[in-house]
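based on what follows, work out the 3D shape:
(chains A and B)
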Protein chains: 2
Amino acid sequence: MGVKLGILGLGTVGTGTVQLLQDHAFRHPLLQEIEIYRVGVRSLDKPRTVTLPESVLTTDLEAIVTDPKIDIVVEVMGGLEPARSLILKAIQNGKHVVTANKAAISRFGHEIFTAANQAGVYVMLEAAVGGGIPVIQPLKQALSVNRIQSVTGIVNGTTNYILTRMQTEGSNFSDVLADAQRLGYAEADPTADVDGLDAADKIAILASLAFDGRIKLEDVYCEGIRQVSKTDIAYAEKLGFVIKLLAIAKRTTLSSPSLPPISVRVHPTLVPKAHPLASIHGVNNAIFIEGEPIGQVMLYGPGAGAGATASAVSSDILNLVAALKTSTTAPNPLLTCRHQDYCQIVPMAELVTRFYARFLTKDQPGVIGKLGTCFGSHGVSLESIVQTGFQGELAEIVVVTHDVQEGDFRQALTEIHTLTAVDSIPSLLRVL
Amino acid sequence: MGVKLGILGLGTVGTGTVQLLQDHAFRHPLLQEIEIYRVGVRSLDKPRTVTLPESVLTTDLEAIVTDPKIDIVVEVMGGLEPARSLILKAIQNGKHVVTANKAAISRFGHEIFTAANQAGVYVMLEAAVGGGIPVIQPLKQALSVNRIQSVTGIVNGTTNYILTRMQTEGSNFSDVLADAQRLGYAEADPTADVDGLDAADKIAILASLAFDGRIKLEDVYCEGIRQVSKTDIAYAEKLGFVIKLLAIAKRTTLSSPSLPPISVRVHPTLVPKAHPLASIHGVNNAIFIEGEPIGQVMLYGPGAGAGATASAVSSDILNLVAALKTSTTAPNPLLTCRHQDYCQIVPMAELVTRFYARFLTKDQPGVIGKLGTCFGSHGVSLESIVQTGFQGELAEIVVVTHDVQEGDFRQALTEIHTLTAVDSIPSLLRVL
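Down below sits the predicted model:
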């Protein structure tokens, strides 16, 4: 009668999901048809905040993914292995899968979705990106009637928290990071967050859905926030920007008859204050989507946390329960993975974007002219070039460009580095 | 083979939808299976911006909704009649329906969904609220695993445009309205927008989905923006607020074992500047949803326009095409209307909210004390009471309360009206 779940993992997300599913009042009535049949854990003796019958808990995860009674496997253990192997085995055993595992999907998505399409089962991943924010399902369904032009996200709460505090307090990256670690907003090893790796996993997934092709994670350009200084945040502020770690996937052109290449990248970015993404503060996430003919939409909410993630996991379970009730014959084309080919990715040198750069130069007349000439000879058009002040005996000059090809801009910088008047280029950031 | 559409109406939204459906590249591949089979128009001779075979256009709308070949009827003609009758007849003839008609759904939803459930067909209405923003589908699916506590929307672009301009320019309502009419942002008869009636239609629909019960439109409290003055906008600004026309549906308590009553209302509201809804400017719409355990999410985008609305209409068509491909037996419980009962609505006098009020008083010592005493004796707790300046010989006093029962507050005001020191109460607004 009921739909039987096998849940792999009872950490924060698993516990949140069990709590939600055990407490039906004022939720979608279909949730009442769900039975938590098995929950796989590492240790049976660990104290839990949820109560489950003893017969439900097991340390034999393999037995869950092969149990013929189980309809849906919910993978909320995280990590690459054994998560990947268990997901694949569940698929081979004809089970639908719900996963919150962005790392596994962004790396092994090709293998996992190919297996799922062959087995005729669904792999659902709403919780993998943006915590509770409904973004995977809108991209697969409601927004998919549009030609998506770009997906731009603040998809990592830790870095957004750090940048928000750096901005409001005028503090240094390292000080805020240390405090964030103390408060539990950043991990002891913050690499995955502050170096942009987590955001890269997520934009690979979003790009794949938005542009209907698979993405190789190594094609995602990735730059973290360690080099963002309070000085740059202050200058950005004066120029009308805030600095955000953005994950961006963008179609380069729609004129090509074949699948046009896309750029997929994570980097700190100056965002105009009037842009909706500029007002996303703290640990919140937001995904800004541009499409034709819809225009611009933004989906905003908590990017992490037990409750938000449990909401996303449960919404996937709900979708599967509805699908199981409707039919067991033809797969629902809105729930299956509909592409098998890889997207064509633009090399960063061919990216067209605006830049912000800060220069320290000798205090000589004519330096601004030399910089301007050098940019001009490489086809780099400038929006503004301003001497903002002094650092000791060196003059500080801030440049904002119009849209330029990144390769041209880099060549100009290489030449500028050779100018005797130029001491150093402490900052280089892209502008939305 | 293909799924056959009968489209009722070829105005702005109908034309946008036809354009989207005729141009498949880089959209969801399922759209290629759709055939625009009939389009009902008022006049065959009118010049059109879309090209359709002559045999597709017809002035016989009745023949469309009864044509046995047609699978889906798309009602984008607007208005109450004949839209209602045609929708009902389409349902009786076993057709799924997509409609953008918030006025018809908010008034005749009970009749329409009862008929649809009986006939075993779906009535889809993504375009009825929030233009292109995916909000109906997330409320029916992804967010429905949560206990929704509140839905708070800026759902009328015209009034948000007017309030945004009043705020940025310091202008009067009537001046901005006249200019908005000249620019095409407001209708010649602006009643439905500026008096909040359009927003009331929309919040009735959202409340119904969020709280799983039907809503009688006459139960929706409705107050427009005509009385919002530039003076209040300026004071609100000083106090840290912006004034927005909000459409609010809120569950009063979750402690009740039966369906708890909800409040459903439209009124100008002071929104704290840090609230995500405060930064929704111009004609944009946003819907802010609070639920357990998800927390707060906001869906933002263009609230109107041919492209945005066509996106929403087409996403509903896409969902139906997917459903038709999957199964024709059991209805998908995520697409059907799942409630038949009416929600219990809280009388406004029992609403608990914060208030902003502006008083003009004689310039006498002790007036603030008298106001404070009067509020206190009615159980109205104040957050601030400030003499902000003078209007001629009268002193101007602005009061912001904590959460109070509206009935208590009104009684205090009635008593304050009788104080000889009080000249008038020019403004009274609720605070989010």
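
looking only at pLDDT, what's the mean for stretch A:246-254?
Average pLDDT, stretch A:246-254: 83.

so which bits of that stretch are buried?
Within stretch A:246-254, the residues that count as buried by 16 or more other Cβ atoms under 10 Å in any protein chain shown are A:246-252. For every residue, glycine as well, the C-beta is placed using N, CA and C.

out of those residues, which are inside strands?
A:246-251 (DSSP state E).

about what we covered before: now, which of the buried residues of stretch A:246-254 sits nearest chain B?
residue A:251 (7.9 Å; Cβ to the nearest Cβ).

that closest one touches residue A:207, doesn't it?
No: Residue A:251 is beyond contact range of residue A:207, at 9.7 Å (criterion: Cβ atoms under 8 Å).

what do these two both touch?
residue A:262 (Cβ atoms under 8 Å, 6 or more residues apart in numbering or on different chains).

centre of the chain to stretch A:143-156, how far?
Taking the mean of its C-alpha atoms, stretch A:143-156 sits 11 Å from the chain's own mean (Cα atoms, centre = their mean, to the nearest Å).

average pLDDT across it?
Stretch A:143-156 comes out at a mean pLDDT of 95.

try stretch A:374-381
Computed over stretch A:374-381, the average pLDDT equals 94.

so how far is the helix or strand harbouring residue A:325 from its chain's centroid?
For residue A:325, the element it lies in under DSSP states H and E is helix A:306-326. Helix A:306-326 has its C-alpha centroid displaced from the chain centroid by 21 Å (Cα atoms, centre = their mean).

what angle do helix B:306-326 and that helix make with each other?
50 degrees (axes from the mean of the first three to the mean of the last three Cα atoms, to 10 degrees).

let me see the mean pLDDT of helix A:306-326.
91.

strands paired with the next helix or strand after that helix, and their directions?
Next along the chain after helix A:306-326, taking DSSP H and E as the criterion, comes strand A:352-362. Note on strand A:352-362: by DSSP bridges, its sheet partners are strand A:394-401 (antiparallel), strand A:404-405 (antiparallel), strand A:422-431 (antiparallel).

most tightly surrounded among these?
Across those, the average number of neighbours (mean count of other Cβ atoms under 10 Å in any protein chain shown) peaks for strand A:394-401, which reaches a mean of 20.

which residues touch it?
A:235, A:239, A:354-363, A:367-368, A:371, A:375, A:380-390, A:409, A:423, A:431.

select only the buried ones of these in PyMOL?
Burial among these is assessed by 16+ other Cβ under 10 Å; the matching PyMOL selection reads:
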select buried, chain A and resi 235+239+354+355+356+357+358+359+360+361+367+368+371+375+380+385+409+423+431
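
hang on, the earlier thing: of all the strands paired with strand A:352-362, which one comes closest to residue A:310?
strand A:422-431 (35.1 Å; Cβ to Cβ).

same list (the strands paired with strand A:352-362) but as a markdown table, adding mean pLDDT.
Formatted as a markdown table, the strands paired with strand A:352-362 follow (pLDDT from 0 to 100):
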| stretch | mean pLDDT |
| --- | --- |
| strand A:394-401 | 91 |
| strand A:404-405 | 92 |
| strand A:422-431 | 90 |
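
nearest to residue B:320, of those strands?
Closest approach to residue B:320 among the strands paired with strand A:352-362 is made by strand A:422-431 (41.5 Å; Cβ to Cβ).

identify the residues contacting the closest one?
For strand A:422-431, using Cβ under 8 Å, 6+ apart, the contacting residues are A:227-229, A:231-232, A:236, A:241, A:243, A:267-270, A:353-362, A:367, A:371, A:394, A:400-401, A:413, A:416-417.

could I get it in CSV with only the CA atoms?
What follows is strand A:422-431 as a C-alpha-only set of coordinates in CSV (Å, rounded to 0.1, in the frame of the first residue of the first chain):
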residue,chain,number,x,y,z
VAL,A,422,53.6,50.3,-12.3
ASP,A,423,54.5,48.8,-8.9
SER,A,424,51.9,46.0,-8.7
ILE,A,425,48.3,44.9,-9.4
PRO,A,426,47.0,43.8,-6.0
SER,A,427,43.4,43.2,-7.2
LEU,A,428,41.7,41.8,-10.2
LEU,A,429,37.9,41.0,-10.1
ARG,A,430,35.2,40.5,-12.6
VAL,A,431,32.1,42.7,-12.7
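
what does the domain assignment say about chain A?
A:3-131+A:307-326, A:136-302, A:351-431 (automatic domain parsing).

burial count for residue A:366?
A total of 9 residues lie near residue A:366 under the criterion other Cβ atoms under 10 Å in any protein chain shown.

wait, what's in contact with it?
Contacts of residue A:366 (Cβ under 8 Å, 6+ apart): residue A:421.

return the backbone torsion pair for it.
phi 90, psi 0 (degrees, to the nearest 10).

and the helix or strand where residue A:108 lies, what does it pack onto?
Using DSSP H and E, residue A:108 falls within helix A:102-119. If contacts are counted by 3 or more Cβ pairs under 8 Å, 6 or more residues apart in numbering or on different chains; DSSP states H and E, helix A:102-119 sits against helix A:83-92, strand A:96-99, strand A:123-124, helix A:197-211.

redo those as CSV? Include distance to residue B:173.
Listed next are these as CSV, based on distance: least, Cβ to Cβ, whole Å:
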stretch, distance to residue B:173
helix A:83-92, 58
strand A:96-99, 50
strand A:123-124, 48
helix A:197-211, 41
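
nearest to chain B, out of the ones you listed?
So among the helices and strands packed on helix A:102-119, helix A:197-211 is nearest, using Cβ to the nearest Cβ, at 8.2 Å.

and that closest one, what other elements does it pack with?
So helix A:197-211, by 3+ Cβ pairs under 8 Å, 6+ apart, packs with helix A:102-119, helix A:136-140, strand A:147-154, strand A:221-222, strand A:241-251, strand A:262-272.

mind putting those into a markdown table with distance to residue B:284?
Formatted as a markdown table, those follow (distance: least, Cβ to Cβ, whole Å):
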| stretch | distance to residue B:284 |
| --- | --- |
| helix A:102-119 | 30 |
| helix A:136-140 | 17 |
| strand A:147-154 | 17 |
| strand A:221-222 | 31 |
| strand A:241-251 | 20 |
| strand A:262-272 | 16 |
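
please name whichever of the ones you listed is nearest to residue B:317.
Among the helices and strands packed on helix A:197-211, helix A:136-140 sits nearest to residue B:317 (Cβ to Cβ), with 15.4 Å.

distance from the chain centre to the closest one, please.
14 Å.

may I see the buried residues of the one helix or strand residue A:233 maps to?
Assigned by DSSP H and E, residue A:233 falls within helix A:230-239. Buried residues in helix A:230-239, counting neighbours by 16+ other Cβ under 10 Å, are found at A:230-233, A:235-236, A:239.

got it, and stretch A:276-284?
Those buried within stretch A:276-284 under the rule 16+ other Cβ under 10 Å are A:276-281, A:283-284.

what sits against the residue nearest the centre of chain A?
The centroid of chain A falls nearest to residue A:202 when counting by Cα atoms, centre = their mean (3.2 Å). Listed by Cβ under 8 Å, 6+ apart, the contact set of residue A:202 reads A:102, A:106, A:128-130, A:153, A:155-156, A:247.

switch to 10 Å and redo it
Residues near residue A:202 by Cβ atoms under 10 Å, 6 or more residues apart in numbering or on different chains: A:102-103, A:105-106, A:128-130, A:135, A:153, A:155-156, A:220, A:247, A:266, A:285, A:287, A:303.
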